[in-house]
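Trainee: build me a structure from this.
(chains A and B)
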Amino acid sequence: MKTLVFVEQRDGKVKKASLEALSVGRALCDATSGALAAVVLGQGVSAIAEVAGKYGAETMYIGDDAIFAAYSTDSYGLGVGKAAQVFGADVLLFSATAMGKDLAPRVAARLEIGLLSDVTSYAVENGGATYRRPVYSGKAYAAAAPKAGKSYAVTLRPNVFAATESPRPHQVIKLENAVAASDVKAVVESLLASKEGLLDVAEADIIVSGGRGMKGPENYKILEDLAKPLGGAVGASRAAVDAGWIGHEHQVGQTGKVVSPTLYIACGISGAIQHLAGMSTSKVIVAINKDPEAPIFKLATYGIVGDLFDVVPKMTEAVKALKARG
Amino acid sequence: MDILVLVKHVPDTETRVKVAPGGTSLDLGEANFVVSPYDEYAVEAALQLKEKQGSATITVLTVGTDEAVKSIRQALAMGADKGVLCGDPSFEGSDAGGTARILAAAIKKAPFDIIFCGKHGVGDDNQQVGSLVAALLGIPAVTVVTSIDYSEAGLVRCHREVEGGVEVVKTPLPCVITCQKGLNEPRYPSLKGIMAAKKKEVVNYKAADLGIDPAQAGKAGAAFEIKGYELPPPRPEGRMLGGEVADQVNELLRLLHDEAKVI
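Mentor: I've put the predicted structure just below:
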């Protein structure tokens, strides 16, 4: 299968999720005697060819142009679409990041191909791939296979696949004049960073999350105090968000973000089914709750029945001591 | 001004999902079907824009069976003006691409200035239809939007959520806006609204009305074949930590560091 991976960069730095996508692409190509190409768009991004080559791309399509300096669905859609056509891609891979989820449908519509969202595993048999993806935020998984002979696109959930180096000699092909200024309608004018550099739950390896048991907005500070030395992000249940205690961008669950960090610490979260759907694939789950009957304990790797206002600050001290020891 | 809202009729988020016998479909039990939660933000965004405009017509569109009219009525009860059901039997089982082709065909039958929908339909979780509809109509889409500024004529300026921040996106109208939680607080229908909704017009389009080839819709038109469904594997049995709080915390840290190796 001729496979093309969209490599996402911001300020010239490649997203880790794109390295994961390249590794999946490399494995698909190895299993099907296919060729792997990557496309990167931006300004001053030519050096990224080396990175993509290190992760297995044999051909790099580079659109290094002022028109790609800021992300636009229109310009990036045309750029990736052009690379796919020049390469003759059978399969397009994107990461299911904010950009990938915005871009992939535009490209799929342009190429008139199908798109499978948020894939978490795949298998190759007889030269064809079958993909698994969560539905109902992970309450179930669907296995889907592309219909025979059809090109298609896939977005891959970040943090699920390993990024593995597999260096290949690679050629670079410049994408010239892929986009005219008049093609670009929607433009990103600026990027506003979220406050105090706290990590986004969608990107964090460790999440400290609080629910109704937090009792009020002022108490989220104790979760931030634990998240900081752990290098983690602060999450929340729908109950806490709907109560106005914390912004919705922190919400984990079926109507929030679906996450699978290596460590999820649930504080004062009882475990409503719509919350569990959003975090049940976390590698390790710690539950701290006063109620020994709380459903969250059924999922927990380690559980503490107790008062989070007592337990969490003590954890923070212990984590700081652990980090100080190195 | 003609405002469109795309909605989906879905099982509510409390639904417990099982795999149906045979393994190729899901058993949703006695699921309660509702307007997909993100679509409620879309309806509210349309209502707020109409209030700002003074006069506008809000049309709510969905692809689904006769059951899905309930979601249209819900939006009409909130204050939308008319409904369009794309309800041909050949549409059942459509994937995101098929759904978008059907909606785009229905949208093209009348003028429009702006289209709102939820950022994704709860359940299939594709997050594709809004973007695909925009592409088929040849207009921009701004996805995962948490605020909309209409202060300049002929364009909108939106905040869209990305990892660790928000992008400020400017786009000319017409466009598609997919709505994220935080954009607004959807209103509850009033009793008067519910009564009025019963009398509002809901058009039913069949495949022939939309010029849709049944081979392009439903399962036949889907790009992927569903091979089967399964439930996630159960998590291994957990461990409850006993003793005084200080002991519990020490033991937890030891386990996270030495056993699980995650900190």
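Trainee: in chain A, what residue is nearest chain B?
Mentor: Ranked by Cβ to the nearest Cβ, the top residue of chain A for proximity to chain B is residue A:114, at 2.0 Å. For glycine as for every other residue, the C-beta is placed from the backbone atoms N, C-alpha and C.
Trainee: so that residue is in contact with residue A:107, correct?
Mentor: No - Residue A:114 is not in contact with residue A:107 according to Cβ atoms under 8 Å; the separation is 11.7 Å.
Trainee: overlap in contacts of the two?
Mentor: Common contact partners of residue A:114 and residue A:107 (Cβ atoms under 8 Å, 6 or more residues apart in numbering or on different chains): residue A:153.
Trainee: more crowded one of those two?
Mentor: Between residue A:114 and residue A:107, residue A:107 has the larger neighbour count (other Cβ atoms under 10 Å in any protein chain shown), namely 26 against 23.
Trainee: leaving out chain neighbours, which residue sits closest to the more buried one?
Mentor: When the adjacent residues along the chain are set aside, residue A:107 lies closest to residue A:80, with 4.9 Å between them (Cβ to Cβ, 6 or more residues apart in numbering or on different chains).
Trainee: am I right that the one you found falls within a strand?
Mentor: No - going by DSSP: H, G, I helix; E, B strand; the rest coil, the assignment for residue A:80 is helix, not a strand.
Trainee: mind giving me the packing neighbours of the helix or strand of chain A with the lowest mean pLDDT?
Mentor: Across the helices and strands of chain A, mean pLDDT, DSSP states H and E gives its lowest value to strand A:187-193, namely a mean of 90. Judged by 3 or more Cβ pairs under 8 Å, 6 or more residues apart in numbering or on different chains; DSSP states H and E, strand A:187-193 is in contact with strand B:155-162, strand B:165-172.
Trainee: where does the residue nearest to residue A:107 land on pLDDT?
Mentor: pLDDT, residue A:80: 98.
Trainee: now do residue B:233
Mentor: pLDDT, residue B:233: 88.
Trainee: so is it in a helix, a strand, or just coil?
Mentor: Assignment for residue B:233 (three-state DSSP): coil.
Trainee: list the buried residues in stretch B:238-258.
Mentor: B:238, B:241, B:248, B:249, B:250, B:251, B:252, B:253, B:255, B:256 (16 or more other Cβ atoms under 10 Å in any protein chain shown).
Trainee: phi, psi of residue B:213?
Mentor: Residue B:213 adopts backbone torsions of phi -80, psi 120, taken as degrees, to the nearest 10.
Trainee: quick one: the helices in chain B, in order.
Mentor: B:37-53, B:69-78, B:96-107, B:129-137, B:191-199, B:207-210, B:218-221, B:245-254 (DSSP state H).
Trainee: return stretch B:5-18 as PDB; C-alpha atoms alone will do.
Mentor: Below are the C-alpha coordinates for stretch B:5-18, written out as PDB (Å, rounded to 0.1, in the frame of the first residue of the first chain):
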ATOM      1  CA  VAL B   5     -28.700  23.600  12.200                       C
ATOM      2  CA  LEU B   6     -27.700  20.000  11.600                       C
ATOM      3  CA  VAL B   7     -28.700  17.600  14.400                       C
ATOM      4  CA  LYS B   8     -28.400  13.900  15.100                       C
ATOM      5  CA  HIS B   9     -30.700  11.700  17.100                       C
ATOM      6  CA  VAL B  10     -28.600   9.600  19.400                       C
ATOM      7  CA  PRO B  11     -28.700   7.400  22.600                       C
ATOM      8  CA  ASP B  12     -28.100   9.600  25.600                       C
ATOM      9  CA  THR B  13     -24.700   9.400  27.400                       C
ATOM     10  CA  GLU B  14     -26.100   7.200  30.200                       C
ATOM     11  CA  THR B  15     -26.700   4.400  27.800                       C
ATOM     12  CA  ARG B  16     -25.000   1.100  28.500                       C
ATOM     13  CA  VAL B  17     -23.800  -0.600  25.300                       C
ATOM     14  CA  LYS B  18     -23.800  -4.300  24.600                       C
END
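Trainee: count the residues that sit near residue B:222.
Mentor: Neighbour number of residue B:222 under other Cβ under 10 Å is 20.
Trainee: hmm, back to that, the residue of chain A closest to chain B bridge partners, please.
Mentor: Beta bridges link residue A:114 to residue A:152 when assigned by DSSP bridges.
Trainee: now it: how far from residue A:279?
Mentor: Note on residue A:114: its distance to residue A:279, by Cβ to Cβ, to the nearest Å, is 29 Å.
Trainee: now for the helices of chain B, which one comes closest to chain A?
Mentor: Among the helices of chain B, helix B:129-137 sits nearest to chain A (Cβ to the nearest Cβ), with 3.3 Å.
Trainee: between the closest one and helix B:96-107, how big is the angle?
Mentor: 60 degrees (axes from the mean of the first three to the mean of the last three Cα atoms, to 10 degrees).
Trainee: next, the angle helix B:37-53 makes with helix B:129-137.
Mentor: Using the same axes, to 10 degrees: helix B:129-137 against helix B:37-53 is 60 degrees.
Trainee: show me where the stretch 51-200 of chain A dips below the pLDDT cut-off.
Mentor: Residue ranges of the stretch 51-200 of chain A with pLDDT under 70: A:195-198.
Trainee: could I get the full set of strands for it?
Mentor: A:59-64, A:91-95, A:114-119, A:121-125, A:128-135, A:140-146, A:152-156, A:171-174, A:187-193 (DSSP state E, counting those that start in this stretch).
Trainee: how about these in JSON lines, adding distance to residue A:318?
Mentor: Below are the strands of the stretch 51-200 of chain A laid out as JSON lines (distance: least, Cβ to Cβ, whole Å):
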{"stretch": "strand A:59-64", "distance to residue A:318": "47"}
{"stretch": "strand A:91-95", "distance to residue A:318": "35"}
{"stretch": "strand A:114-119", "distance to residue A:318": "36"}
{"stretch": "strand A:121-125", "distance to residue A:318": "36"}
{"stretch": "strand A:128-135", "distance to residue A:318": "34"}
{"stretch": "strand A:140-146", "distance to residue A:318": "37"}
{"stretch": "strand A:152-156", "distance to residue A:318": "36"}
{"stretch": "strand A:171-174", "distance to residue A:318": "51"}
{"stretch": "strand A:187-193", "distance to residue A:318": "31"}
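Trainee: measure residue B:6 to residue B:130 for me?
Mentor: Counting by Cβ to Cβ, the gap from residue B:6 to residue B:130 is 7 Å.
Trainee: more neighbours, those two?
Mentor: Taking other Cβ under 10 Å, residue B:6 and residue B:130 do not tie; residue B:130 has more neighbours (31 against 28).
Trainee: residues near the residue nearest to residue A:107, how many?
Mentor: 29.
Trainee: right, and it touches residue A:103 too?
Mentor: Yes - in this structure residue A:80 lies within contact range of residue A:103 using Cβ under 8 Å: 6.8 Å.
Trainee: about what we covered before: give the residues shared as contacts by residue B:6 and residue B:130.
Mentor: B:115, B:117, B:118.
Trainee: could you report the neighbour count for the first one?
Mentor: By the criterion of other Cβ under 10 Å, residue B:115 has 28 neighbours.
Trainee: also the second one?
Mentor: Other residues within reach of residue B:117, judged by other Cβ under 10 Å, total 31.
Trainee: and the last one, by the same measure?
Mentor: By other Cβ under 10 Å, 27 other residues sit near residue B:118.
Trainee: mind putting the shared contacts of residue B:6 and residue B:130 into CSV with pLDDT and distance to chain A?
Mentor: Output for the shared contacts of residue B:6 and residue B:130, formatted as CSV (pLDDT from 0 to 100; distance: Cβ to the nearest Cβ, whole Å):
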residue, pLDDT, distance to chain A
B:115, 98, 14
B:117, 98, 12
B:118, 98, 10
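Trainee: returning to that earlier point: with distance to chain A and mean pLDDT added, can I get the helices of chain B in CSV?
Mentor: As requested, the helices of chain B are exported to CSV (distance: least, Cβ to the nearest Cβ, whole Å; pLDDT from 0 to 100):
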stretch, distance to chain A, mean pLDDT
helix B:37-53, 5, 97
helix B:69-78, 16, 98
helix B:96-107, 6, 98
helix B:129-137, 3, 98
helix B:191-199, 23, 97
helix B:207-210, 18, 98
helix B:218-221, 10, 95
helix B:245-254, 5, 96
